[in-house]
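Novice: Got a sequence here, can you build the structure:
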Amino acid sequence: MRSLNKIFAAAAVMILSACAGNQEVAETRRYVEPRFDDQPKIELEVNKIDIVSEFTPSFTRPNVEHLFPVSIEKAARIWANDRLEAVDFASNRIAEFIIKDASVTEVEEKASQLFYKDSLKYRATLAVVLKISSANGQSQAQTSIEAWRELTMPIDTSIEDKEKYWNEMVYKLFEEFNVRMEQNIHQYLNMYVKDSQVIREY
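Specialist: Residues are numbered from 1 along each chain as shown. The predicted model follows:
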């Protein structure tokens, strides 16, 4: 009986070890949104910053943003929290970070030559407006930006590989967005950026 108990115990340890191994694999495949909290804050001379999304996923093709392991909309919210900061609490000004578009479309493309595979073409779009307004809602200044990336892959690409390519696509999209949005803020909203050294030419 003791020998039998030892066998059962060994089997239980083996099962637990297998579960732990599977959990580790699952965790390595988990994707997270890009972060920019290691970069300096853009200090806006406003009382507060509101993050608003006007984008509503359709959940119907050709839109496939809901299939992405990393949400472009959520990543945009995180960018605003990481990079923007209100620093003038005596002011009556408000900054609105408005997400207009955070979509991804998928289009099937037929192969142009015989014996070539059909492909899937993806286009990710991020459109954002950053607006400075007074407390009564009167707009004082704003800047907008639209960033996009395209990606093509064989139609029979596995879901694991698709998620990997999608993730890389989103990261590259936000690398571009981060640079261009910061440039736009310093160029068009420089009057509301603390210690801004940029003077806009008219």
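Novice: does Glu96 sit in a helix, a strand or a coil?
Specialist: At Glu96 the chain is in strand, as set by DSSP: H, G, I helix; E, B strand; the rest coil.
Novice: What separation do you get for Ile119 and Glu106?
Specialist: For the record, residue 119 is Ser, not Ile. 11 Å (CB to CB, to the nearest Å). Bear in mind the C-beta positions are built from the backbone N, C-alpha and C, glycine included.
Novice: What distance do you get for the residue nearest to Glu146 when sequence neighbours are not counted to Asn81?
Specialist: Leaving out its chain neighbours, the residue that sits closest to Glu146 by CB to CB, 6 or more residues apart in numbering is Ala127, at 4.4 Å. Per CB to CB, Ala127 is found 19 Å from Asn81.
Novice: Would you mind telling me which of these two has more residues around it?
Specialist: Ala127 (19 against 15; other CB atoms under 10 Å).
Novice: thought the more buried one was touching Glu73?
Specialist: No - at 11.2 Å, Ala127 and Glu73 do not qualify as touching, with contact defined as CB atoms under 8 Å.
Novice: Mutual contacts of those two, please.
Specialist: The overlap between the contact sets of Ala127 and Glu73 (CB atoms under 8 Å, 6 or more residues apart in numbering) consists of 99, 102.
Novice: Give me the below-cutoff pLDDT ranges for this structure.
Specialist: Flagging of the chain using pLDDT under 70 yields the residue ranges 1-29, 197-202.
Novice: Helices along that one, start to end?
Specialist: 2-28, 72-83, 159-188 (DSSP state H).
Novice: Compute the inter-axis angle for the shortest one and helix 159-188.
Specialist: For the pair helix 72-83 and helix 159-188, the angle between their directions (axes from the mean of the first three to the mean of the last three CA atoms, to 10 degrees) equals 50 degrees.
Novice: Buried residues of helix 72-83, list them for me.
Specialist: By 16 or more other CB atoms under 10 Å, the buried positions in helix 72-83 come out as 72-73, 75-80, 82-83.
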